[in-house]
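K.L.:
prediction below, plus the sequence it came from.
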Amino acid sequence: MTLDSTLPTAAKKHKTRPQVIWICLLAALAGLLFGLDIGVISGALPLIAKEYQLLDSQQEWVVSSMMVGAAVATLCSGFLAYRLGRKYALLIAAASFCLGAIICTCAVGPGMLIVGRLILGVGLGVASYATPLYLSEITPKNIRGAMISAYQLMIALGILLVFLTNTAFSYSGNWRGMLLVVAIPSLVFLFGALFLPRSPRWLMMHGREEEARIVLIRLRNSREEVENELSEIKEQLNVKQQGWNLFKENRNFRRSVSLGIILQIMQQFSGVNVMMYYAPRIFHEIGFTSTAEQMWGTVIVGFVMTLATFIAVGFVDRWGRKPMLYAGFITMGFAMSIVGTLLGGDALSALEKGITVTMLLLFIVGFSMSAGPLIWLLCSEIQPLKGREFGITCSTFTCHIAGMIVSATFLSLLNSLGSAHTFYLYALLNIVALVIIYLFVPETKNISLERIEQNLMAGKKLRNIGQ
């Protein structure tokens with residue numbers, strides 16, 4: 001059988017092969033693990049703190065240690081993805097998820113928990129870099145956007161699922177069972193990733209053109225499509241990544257990298273990870289004292305986040321980036337200010353509790369339809385091709401460091417400022433983000449990456465590079 005005989009007929013050339021969908025969904029399983037890791041600690045932390053008599057500062061380090069591991073891994077992910085390949089970077093992420101989950105489950109004290117969460121962070125950092133990269137390189141153009149969006153949806157779905165399993169285990173107080181849940185899909189991902197094909201782009205980068213052609217023949221619908229994609233990859237590889245040298249020498253590239261860093265700080269300082277990591281504690285502050293009430297509250301948060309993410313996926317290319325960012329940050333700032341106002345008084349009435357919960361859910365909607373997916377999209381769009389990997393690495397590293405700062409300070413803020421002023425602080429940070437969006441963030445809807453790069457390098461104001 002020749003390679004040409006494995007290709008479908010021309011009549012089917014516009015269809016996507018089923019194996020492409022399965023490959024992409026398996027890779028997107030990394031997003032599910034991302035969500036599981038983010039959400040699992042919220043249910044386990046109160047039980048762990050009670051068993052080991054942890055101080056608030058110790059609880060903060062148990063939570064934030066994962067983001068430290070993710071930040072360090074981000075700096076190494078580019079090297080791993082280049083040297084070993086995207087496939088083996090995903091295998092490293094899967095093994096880290098599995099090992100970290102097992103260590104956390106078997107932990108005999110906070111120190112071992114922190115080690116386990118550091119390893120989970122390594123998996124998270126590598127996966128957050130390698131998965132979107134692999135998906136963008138393995139999928140046909142006609143479904144590329146949908147598959148990247150599926151990755152975002154899998155993150156939200158992972159958060160919802162782990163909030164459900166946390167709730168189920170909370171009735172028995174079994175926090176080890178909560179943490180072990182992460183290991184199960186990790187093993188599935190580890191086994192499945194063994195059968196993923198190599199990225200054609202990575203194969204071409206290493207001079208293995210015939211292997212890249214064989215992979216594409218399995219995944220594309222015509223010889224013409226295969227050869228066109230190989231030609232495009234060759235053309236793209238002629239643009240050498242300059243990274244640090246470009247950053248030192250080119251003021252315009254420094255501007256785009258700085259904006260990517262600021263965007264990620266905006267995303268994390270909105271306060272979203274406070275909801276992800278400390279949701280039961282927040283519901284306790286509102287006045288829900290039973291564990292069941294607090295845990296079911298987290299399930300509602302996860303459900304609303306998943307639903308709201310569909311909004312962003314469906315409308316981002318229809319409404320544009322800036323309108324959705326404006327709507328999202330206005331919503332988040334408003335919701336946080338109302339929560340702060342209500343928590344500033346005496347014990348809440350049933351009506352006030354309902355309003356407070358509604359505002360927290362409104363905050364989640366605002367984040368999920370704007371800052372959640374759109375910040376990542378913008379951080380990629382604003383970077384010039386020859387510095388894109390460096391720019392995205394800088395912004396992703398900043399995301400994890402900013403997330404660590406937020407998760408490592410929330411309980412301390414509650415103790416020093418009180419509930420009301422803590423939420424007022426996050427409301428203020430969301431207002432500051434609105435000013436930054438107005439002054440610096442471009443609208444990139446329906447604008448080619450080449451046009452954005454041309455405007456950036458011509459020295460146009462950042463807010464105008466999408467024109």
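P.N.:
Structure received.
K.L.:
least trustworthy helix or strand in the chain by mean pLDDT?
P.N.:
With mean pLDDT, DSSP states H and E as the measure, the helix or strand of the chain carrying the lowest mean pLDDT is helix 223-237 (a mean of 78).
K.L.:
what are the buried residues along that helix?
P.N.:
The neighbour-count check on helix 223-237 (16 or more other CB atoms under 10 Å) flags 223, 225-226, 229-230, 233 as buried. Just so you know, the C-beta spots here come from the backbone N, C-alpha and C atoms, and that holds for glycine as well.
K.L.:
next one: stretch 115-128
P.N.:
Applying 16+ other CB under 10 Å to stretch 115-128 flags 115-128 as buried.
K.L.:
looking at those residues, spot the one nearest residue 22.
P.N.:
residue 127 (18.6 Å; CB to CB).
K.L.:
next up, the contacts around the nearest residue to residue 363 once chain neighbours are set aside.
P.N.:
Among residues not flanking residue 363 along the chain, residue 335 sits closest, at 3.9 Å (CB to CB, 6 or more residues apart in numbering). Contacts for residue 335 were tallied using CB atoms under 8 Å, 6 or more residues apart in numbering; they are 359-360, 362-363, 366.
K.L.:
highest neighbour count among those?
P.N.:
residue 363 (30 neighbours; other CB atoms under 10 Å).
K.L.:
and it, how far from residue 336?
P.N.:
6 Å (CB to CB, to the nearest Å).
K.L.:
pull up the overlap in contacts between these two.
P.N.:
What both residue 363 and residue 336 touch, as defined by CB under 8 Å, 6+ apart, is the set residue 271.
K.L.:
count of residues packed around the nearest residue to residue 25 once chain neighbours are set aside?
P.N.:
The spatial neighbour of residue 25 that comes closest, neighbours along the chain excluded (CB to CB, 6+ apart), is residue 150 at 7.1 Å. The number of residues packed near residue 150 is 20, by other CB under 10 Å.
K.L.:
what do you get for residue 353?
P.N.:
17.
K.L.:
dump the C-alpha coordinates for the helix or strand where it lies into CSV.
P.N.:
Element membership for residue 353, per DSSP states H and E: helix 350-368. C-alpha atoms of helix 350-368 as CSV (Å, rounded to 0.1, in the frame of the first residue of the first chain):
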residue,chain,number,x,y,z
ALA,A,350,-31.2,35.1,54.4
LEU,A,351,-31.9,37.7,51.7
GLU,A,352,-28.4,39.2,52.1
LYS,A,353,-26.8,35.8,51.9
GLY,A,354,-28.6,35.1,48.7
ILE,A,355,-27.5,38.5,47.2
THR,A,356,-23.9,37.8,48.2
VAL,A,357,-23.8,34.4,46.6
THR,A,358,-25.5,35.8,43.5
MET,A,359,-22.7,38.5,43.3
LEU,A,360,-20.0,35.8,43.7
LEU,A,361,-21.6,33.9,40.8
LEU,A,362,-21.9,37.1,38.8
PHE,A,363,-18.1,37.6,39.4
ILE,A,364,-17.5,34.1,38.0
VAL,A,365,-19.6,34.8,34.9
GLY,A,366,-17.6,38.1,34.4
PHE,A,367,-14.3,36.3,34.6
SER,A,368,-15.2,33.2,32.5
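K.L.:
neighbours around residue 371, how many?
P.N.:
Residue 371 has 26 nearby residues by other CB under 10 Å.
K.L.:
ok, now residue 71?
P.N.:
21.
K.L.:
show me which positions of the one helix or strand it maps to end up buried.
P.N.:
Using DSSP H and E, residue 71 sits within helix 56-83. By neighbour count on 16+ other CB under 10 Å, the buried set for helix 56-83 is 58-74, 76-78, 80-81.
K.L.:
and what of stretch 313-324?
P.N.:
By neighbour count on 16+ other CB under 10 Å, the buried set for stretch 313-324 is 313, 316, 320-322, 324.
K.L.:
what about the helices in the stretch 51-200 of the chain?
P.N.:
Secondary structure of the stretch 51-200 of the chain (DSSP state H, counting those that start in this stretch): helices at 56-83, 86-105, 110-138, 141-170, 175-180, 183-193, 200-205.
K.L.:
redo the ones you listed as CSV? Include mean pLDDT and distance to residue 400.
P.N.:
What follows is the helices of the stretch 51-200 of the chain, written out as CSV (pLDDT from 0 to 100; distance: least, CB to CB, whole Å):
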stretch, mean pLDDT, distance to residue 400
helix 56-83, 90, 4
helix 86-105, 92, 14
helix 110-138, 88, 6
helix 141-170, 81, 14
helix 175-180, 93, 21
helix 183-193, 89, 20
helix 200-205, 83, 24
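K.L.:
out of those helices, which gets nearest to residue 42?
P.N.:
helix 141-170 (6.8 Å).
K.L.:
gap between that closest one and the chain center?
P.N.:
10 Å (CA atoms, centre = their mean, to the nearest Å).
K.L.:
list the helices and strands it packs on?
P.N.:
Judged by 3 or more CB pairs under 8 Å, 6 or more residues apart in numbering; DSSP states H and E, helix 141-170 is in contact with helix 18-52, helix 110-138, helix 175-180, helix 291-319, helix 371-381.
K.L.:
repeat that with 7 Å
P.N.:
Applying 3 or more CB pairs under 7 Å, 6 or more residues apart in numbering; DSSP states H and E, we find helix 141-170 packed against helix 18-52, helix 110-138, helix 175-180, helix 291-319.
K.L.:
quick one: closest of these to residue 245.
P.N.:
Nearest to residue 245 among the helices and strands packed on helix 141-170 is helix 110-138 (21.1 Å), distances taken as CB to CB.
K.L.:
tell me the helices and strands packed up against the closest one.
P.N.:
helix 18-52, helix 56-83, helix 86-105, helix 141-170, helix 388-407.
K.L.:
ok and that helix relative to helix 223-237, angle-wise?
P.N.:
Counting by axes from the mean of the first three to the mean of the last three CA atoms, to 10 degrees, helix 110-138 points 120 degrees away from the direction of helix 223-237.
K.L.:
what comes up buried for stretch 450-467?
P.N.:
452-453, 455-456, 460, 462-463, 465-466.
K.L.:
quick check: the farthest pair among these?
P.N.:
453 and 463 (15.9 Å).
K.L.:
quick one: contacts of the one helix or strand residue 247 maps to?
P.N.:
If you go by DSSP H and E, residue 247 is part of helix 243-249. Contacts to helix 243-249, defined as CB atoms under 7 Å, 6 or more residues apart in numbering, come from residues 253-254, 257, 386-387, 389-390.
K.L.:
before we move on, what about stretch 413-429?
P.N.:
56, 269-271, 285, 333, 336-337, 339-340, 343-344.
K.L.:
those residues into a markdown table, with extra columns for distance to residue 434?
P.N.:
Converted to a markdown table, the contacts of stretch 413-429 look like this (distance: CB to CB, whole Å):
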| residue | distance to residue 434 |
| --- | --- |
| 56 | 31 |
| 269 | 13 |
| 270 | 11 |
| 271 | 14 |
| 285 | 26 |
| 333 | 7 |
| 336 | 13 |
| 337 | 13 |
| 339 | 18 |
| 340 | 17 |
| 343 | 23 |
| 344 | 23 |
